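A.B. asks: got a predicted structure here, sequence first:
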Amino acid sequence: MTTPEQAVLWAALLCGAGAIATLIPRSKRLSGGIAFLFMGVAGLLVWWAVARVLMNGPGEPETFVAYPAWGFALRLHVDGLSAVFLALVATVSPAAVFFSIRYLDHHSGYGPRRFYPYLLGFIGAMVAIVSTTDTMYFFFIFWQMMTLTSYALVRFEHRRPENVRAANQYLLMMQAACALTMLGALLLAPAGPVASAGGEPVMRFDFEALALQMPMLLREQRGVVTAALLLFLVGFGIKLGIWPFGQFWLPDAHPAAPSPVSALLSGVMIKTGIYGLIRYFLWLLPEHTGDDYPVAGWGAAMVVLGGITLFVGTMQALRQEQAKRLLAYSSMGQAGYLLFGLGVCLVLLPSAHPAAPSLAALALVGVLFHTLNHGLFKSLLFLGAGSVQRATGTLDLNRLGGLLARMPWTGAAALVAALAISGVPLLNGFASKWCLFVSAIAGGRCAPYLPWAGAVAILTSAVTLACFVKWYGMIFLARSHRRVPGAGADRLSIESPWTMRLPLLLLAAACVALGLWPALALDFVCQSLQESWQALGSGLGRAQPWAAAGITGIMMADGSAAYLPLALAAILAPLVIGAILLSRMGASARRAVSPWLCGYVREANEHRLQARHYYGEIHRHFRWLGGAPPPQPQPDAASGSEALPGSNPPPAPPDCSRP
Amino acid sequence: MSGHLHEILARGLLQAGAVLLAAPLAEGVMRKITAVLQSRQGPPVIQPYYDLLKLMGKEDLECGESPWMQRLAGWLALVAPLSVAALWPGIGGQGPAAGDAILLVYLLTLGGVATLLAGLAAGSTYSLLGISREMMTMMVLEPLLAIALLVAACHADSLQLADLFGGAIYGRSGHSGSGLLMLGVLVFAFQAMVSRRPFDMTEAESEIMEGPLMEYSGPKLALLQWARMARLVVSSALMVALFWPGGAQLGFPWAALVFAAKTAAVILAVTVIAATHVRYRVDQAIRYFGGMLLAGLAALGLACFGF
Amino acid sequence: MKPSEILTPIKQRYGTAIQRIDRLDDRRLVLHVDAGALKSICRFLFRDLDARYIAGIGADDRPYSGRFMVAHNFAFDRDGLLASVLAMLPADAPEVDSIAGEVPAASWSEREFHDLVGIVPRNHPNPKRLVLPDGWPDRVHPLRKERPWNDRPDGYDEDRPFAFDPAPPGCVVVPLGPFHPTLDEPAHFRLYVDGEIVRGCEYRGFMVHRGIEKLAESVLTYNDIPMAAERICGICGCVHNVAYAQAVEQAASIPVPPRAEYIRTIMLEIERLHSHLLWVGLAGHILGYDTLFMHCFRIREPVMWIAEKISGNRKTYALCLIGGVRWDITPELHDELDQVLNRLEAQWRPLVSALLEDRNLRRRAAGIGVADRALIKEQGLIGPVARAAGIDIDCRRDHPYAAYDRVDFDVILAQDPDVWGRISVRAREVFESIRIIRQCLVKLPAGLLQAPIADELPIGRIGMSSVEAPRGESHHWLITGENHRPRRWRVRAPTYQNLQGIPAMIRDQRLADMTITLGSIDPCFSCTDRLETVDVRTGAVRVCPPEELRDRLRQRWNEPTTP
């Protein structure tokens, strides 16, 4: 029977093989098909590994290659925590690759051989990096594989200088993160190989070796531990995109990459940052570290840093005028939620309060749940933006509008994602935010400042709503810009082909499902936590943070908080039906008209509100936060020409058909 | 819990229905009082019912490029405040609920989201100006309400609505500083929460012609207006539940009547303030709300440390 | 200064360019000048002698002199002098140097005579169409004598759009009007808005221009015109009625009996009362303060009823004929008017003190719609807009007419050049009006209501009259003519000048301040456009059968006047 570790290794190797296979064909679609074939099988393998870990518990780490003289070994271990992130990779990646098959059509002049090999390599490296136990050599190898391939993907459209600049920035920051993290591991590593708990000798840079070394370091060299943790926080923080590091690379790199890549960067790759932080803070430190080492202090630092990140990132997103750039800033804001939740968890862990363990567990579960959720809806948003770009040739919010009528499927899926990320109840974003908020507010019993931080997080979620109202409204609602293909014509469809719609709809379905049955994901995450190594975090798995409600939902075990989405849905459904019946009661006739402009002028482009006109008063007060949008290429209004400098010419809409 | 589903449903729908039916009456009373303040005779108290009925049968003009979204927005707008009513834990009693304070805040926001969608789907310049204003207001006001609930949560050590209502905000001592400060903040911000003068710049008939609602007519307008009335009732009841305890021990009919009377008193206060103030400009309002928000955060800080 | 003191420096400077000087009386002056020197002389009057620009007039004088005529009117407010600078233009090339570059206040007047008479202002800074509708053919000028009053020109193009200026970069265009809740009459503002901030605007009005002036010089006769003039405006109709009558009387040197002068004063002040009360309420409504609106209207209503008792109409009093008035103030009316004034004062005084102490209102209205002294000078802004900025002008005192020189009153000033200042000025002017009416009632002399006019009026005389309407100075200018009607009659309502200041007043303000800024000049587009209009603010729009209307009127007559 194949072990999960073998399955994961096979999956990574399959990705590598796929990378080589996709070098051969010239056709974009064929290349995409091959890539999806490899990716699909790899994804199934990963899911299989995840399922095995959940059902049978984690096996022993497995060593595949070893050079003891160099302290160099490829040792993989799939435990519960890895399983969560593997599940995320295995869900989002196939969707992104499948989406790419037709999406790539509109990148004329850029061949598939610069795309699929890197894409598959990138995914393979992500699979590997959340499974490896080596903190030095293979960590470096996988990190570089992940970084270099994604670097190539970010500069995919290399003829645009701003993309190359963004890619270079990205590369620089990732190398810095890599160096810092490895330096941290170097500080903690023992002098030579040690014997593992199972009696097996492990290399000095193996994670297990570091963990074994930890109690001694905590007793004798606390300064070293603190320095190493600081290095990890900064290193993985750069990856996660926390303030102030994220601002240097994230908002430029995400929009520069093709949309499926942005989806993976934002939905999956930056999550390796929170993976690293959880792994190093919760699974490197031994159980009961909190008794004499200020774990809560680290937690407080993360709460503060997370709070700043989520507020600043979201506020900056509010100012953006380009669809993907707004999403990129919002990713930083959401990353702030993750760091915030981890901080809450660390603050609560050492507390002696009887409710603390279950609250800490709820916080960590919230972080992992939100990681999954953000992976789902943010990749959906990026893919949606990609569909829009393919259909209209632009991502400038000022030149879109009214697309819901023209791409109804894409619009509906994007609406689900936009509402989910804004935290609308019955969707998944609300459920995970609920976990984070409840743990922070109820955590006030143990650390009085937590509710205050929770209030800042709630405040930011209103800003998130504002961001996505603007994002969704300017793309899919309002009035269409005259450059939108089919503007003027009556509901001309520019909907994407079904291969691009399908991944969107599946991701949207996942958002709804997890929103209605959050217990699905919570049980999964909780199961994962129980199936992981014994360390600081392992107690969390045992502290069942909620009572499984009969109506699938979440309920704090002590009854102080509850969220039962199915019961809510049961109430909402008759209310909605009632509202529909009320509105039909008078049997009034419907008539389509054009908007009222006070009766003299006719509707024209210049009456469209531009992105910068939204929320002017808020921007006026928060200008000091920075994040001003870069100047957009101005459309040459006089000639009305469609070709914009430096952008892809909009293709003839492929599926122009009147419904 | 599963045994409670039918109970949750029955009570929820009952309460939602009550709010739905009572909301136009509250509006009618408001209009009458306003008329008296303006030395007018005013319409009959049940005029809002006639108005809604009339609108239900009027022609429904749809100017948006996505009329489905306009319809959805109308339904959603009415459902949001009613769902809050449905979640209400019952006067004084500890009833089963499908959610807690956080859900309540988000459901109240959902009503705002519906207005935003309505404005965006209509897409006229004035609608969009209106939704920009509406969103700016929501960005500051929604957290304010959340903070009030959090202050109560800090004192009650719970997020269940039944534990938060009935004076928990004043702490075990019955007069905590944070609770009183929060009361002050919400009294000053309340007009805005129900978007009545002086904070009705979202609609501002004399500037942007009802903003998000300007493109709506017929049954959709009826739903949106009904939603606005229901929101007034629900928000006023929320104020009473949070800040004005007493009367719960009176038993079934009397407790409910006392609660209704207190809610009516809050609505009366809203009316009087609305009739005697000049509309604020959106920048003035935002600055004002910003101050309120800081005061609210200060109150929460106090509450965190037990004051 | 007497006219001679003003004339001396002009004569010294422009000796030969001045062809003739007519001194109509001590307070009216007409300078006939060379067309080539017109611009320079206007600049000299406006800049060096600090005259206030009133209006520009273009006329087709070809049937009489074979030439076109252009005139610019100036006021020397401190000296009580109105001056008209007049030049004749050749019939084949009616062109004149534009003075709008030197005298910005003249911009609309020049655009207007370009549209209506076809006199081209050379080098006008903004030579766009002002008055004529968008679809009107370019070379048809309705005020030329050869065009009939009911002309329907060929080539009217219904679909021709107006060429608006391009919006500044980064701005959205927000149309305001012609149908907007705060615009009671049609006009279109094209606002350039950046977020909530208005960066500029373009005005397109004159949508209801029906050519009353053309009607007057082709169809009506001297004594018909006062009734038509009254219908220029639904609020300050009496002002136009009086101003026109006075212009004719001055041109033809007709003495008006003193009793008629007093009655004119009383009616003008009654009109000011109702207008100010209405406007304060309306300002409240625009600011979202409907309670103020309702109370103002309650307090105002008795004023309307007493006007109805005097003239038979709530509005549109049909007061003047040439040389007198049509309605008398009987002793009964005398007492009743006195009571109305007492009650009004008793109700208005507490309201004003509450209003002026309302901190919310002040915070909302202060600092917006600012028209500083420079803007007032450049654009010739008048009335409460100027007085709120502390500029001490009031035609009732500066260019006295009717019985204003025989009553004692204060010119109300404020030192806030913003909306707040205008609210304060207009709220307090009500008390001065009450004071004036009371004095008139006391001093009302016995005598004729109407001067006997035996002869036909002289021909070719120029008349000028400025009357202080509630919103500012209304100016009428005319030349008497044949067939019992003027050759040319030009009306310049106060809004005509004040509107030209609006773009500067709203620049870089918030959109929310746009409507109240516009409201603060009390725009009367019907005055500006000069049409027959119904007072939509007070008049019932409902159509009811005549019997019902009669019954209701009877019913009201029988009711006691106290509400």
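C.D. replies: Structure received.
A.B. asks: pull the contacting residues for the closest residue to C:Gly288 other than its chain neighbours.
C.D. replies: In this structure, C:Gly288 finds its nearest non-sequential neighbour in B:Arg279, 2.8 Å apart by Cβ to Cβ, 6 or more residues apart in numbering or on different chains. (C-beta placed from N, C-alpha, C; glycine too.) Contacts for B:Arg279 (Cβ atoms under 8 Å, 6 or more residues apart in numbering or on different chains) come out as B:197-201, B:204, C:287-289, C:364.
A.B. asks: 6 Å - rerun?
C.D. replies: B:197-198, C:287-288 (Cβ atoms under 6 Å, 6 or more residues apart in numbering or on different chains).
A.B. asks: ok, now C:Asp358?
C.D. replies: C:Asp358 neighbours (Cβ under 6 Å, 6+ apart): none.
A.B. asks: now it. Its backbone dihedrals?
C.D. replies: C:Asp358 adopts backbone torsions of phi -80, psi 110, taken as degrees, to the nearest 10.
A.B. asks: just the pLDDT for it.
C.D. replies: On pLDDT, C:Asp358 comes in at 87.
A.B. asks: just B:Ala122 next, same as before
C.D. replies: Value for B:Ala122, per-residue pLDDT: 87.
A.B. asks: hmm, B:Leu55 is touching B:Leu221, no?
C.D. replies: Yes: using Cβ atoms under 6 Å, B:Leu55 is in contact with B:Leu221, at 5.4 Å.
A.B. asks: so where is the chain shaky, pLDDT-wise?
C.D. replies: No chain in the question, so chain A it is. A:1, A:197-198, A:487-491, A:531-535, A:537-538, A:541-552, A:557, A:632-659 (pLDDT under 70).
A.B. asks: you answered for a different chain; I wanted chain B.
C.D. replies: For chain B (pLDDT under 70), the answer is B:1-4, B:90-98, B:202-208.
A.B. asks: could you find the closest non-adjacent residue to A:Ala166?
C.D. replies: Using Cβ to Cβ, 6+ apart, the nearest residue to A:Ala166 is A:Asp252, at 3.6 Å.
A.B. asks: ok so that neighbour is a helix residue?
C.D. replies: Yes: counting by DSSP: H, G, I helix; E, B strand; the rest coil, one finds A:Asp252 located in a helix.
A.B. asks: sorry, back to before: which helix or strand contains the residue nearest to C:Gly288?
C.D. replies: Under DSSP states H and E, no helix or strand contains B:Arg279.
A.B. asks: can you check C:Val30 too?
C.D. replies: Here C:Val30 is assigned to strand C:28-33, by DSSP H and E.
A.B. asks: what's the mean pLDDT across that strand?
C.D. replies: Strand C:28-33 comes out at a mean pLDDT of 92.
A.B. asks: re the thing from before, can you get me a residue count around the residue nearest to A:Ala166?
C.D. replies: 21 (other Cβ atoms under 10 Å in any protein chain shown).
A.B. asks: what do you get for the one 5 residues further on?
C.D. replies: Counted with other Cβ under 10 Å, the neighbours of A:Ala257 add up to 28.
A.B. asks: which residue, other than its chain neighbours, is closest to A:Pro4?
C.D. replies: A:Ala49 (3.7 Å).
A.B. asks: returning to that earlier point: distance check, the residue nearest to A:Ala166 against chain C.
C.D. replies: A:Asp252 sits 23 Å away from chain C, going by Cβ to the nearest Cβ, to the nearest Å.
A.B. asks: what's the answer for A:Thr226, then?
C.D. replies: For A:Thr226, the distance to chain C - Cβ to the nearest Cβ - is 47 Å.
A.B. asks: for the residue of chain C found nearest chain A, which non-adjacent residue is closest in space?
C.D. replies: Per Cβ to the nearest Cβ, the residue of chain C with the smallest distance to chain A is C:Gly195, at 2.9 Å. What sits nearest to C:Gly195 in space, not counting adjacent residues and going by Cβ to Cβ, 6+ apart, is A:Gly616, at 2.9 Å.
A.B. asks: now the residue nearest the centre of chain A: phi and psi?
C.D. replies: Closest residue to the average C-alpha location of chain A: A:Gly267 at 2.9 Å, with Cα atoms, centre = their mean. With angles defined as degrees, to the nearest 10, A:Gly267 sits at phi -80, psi -30.
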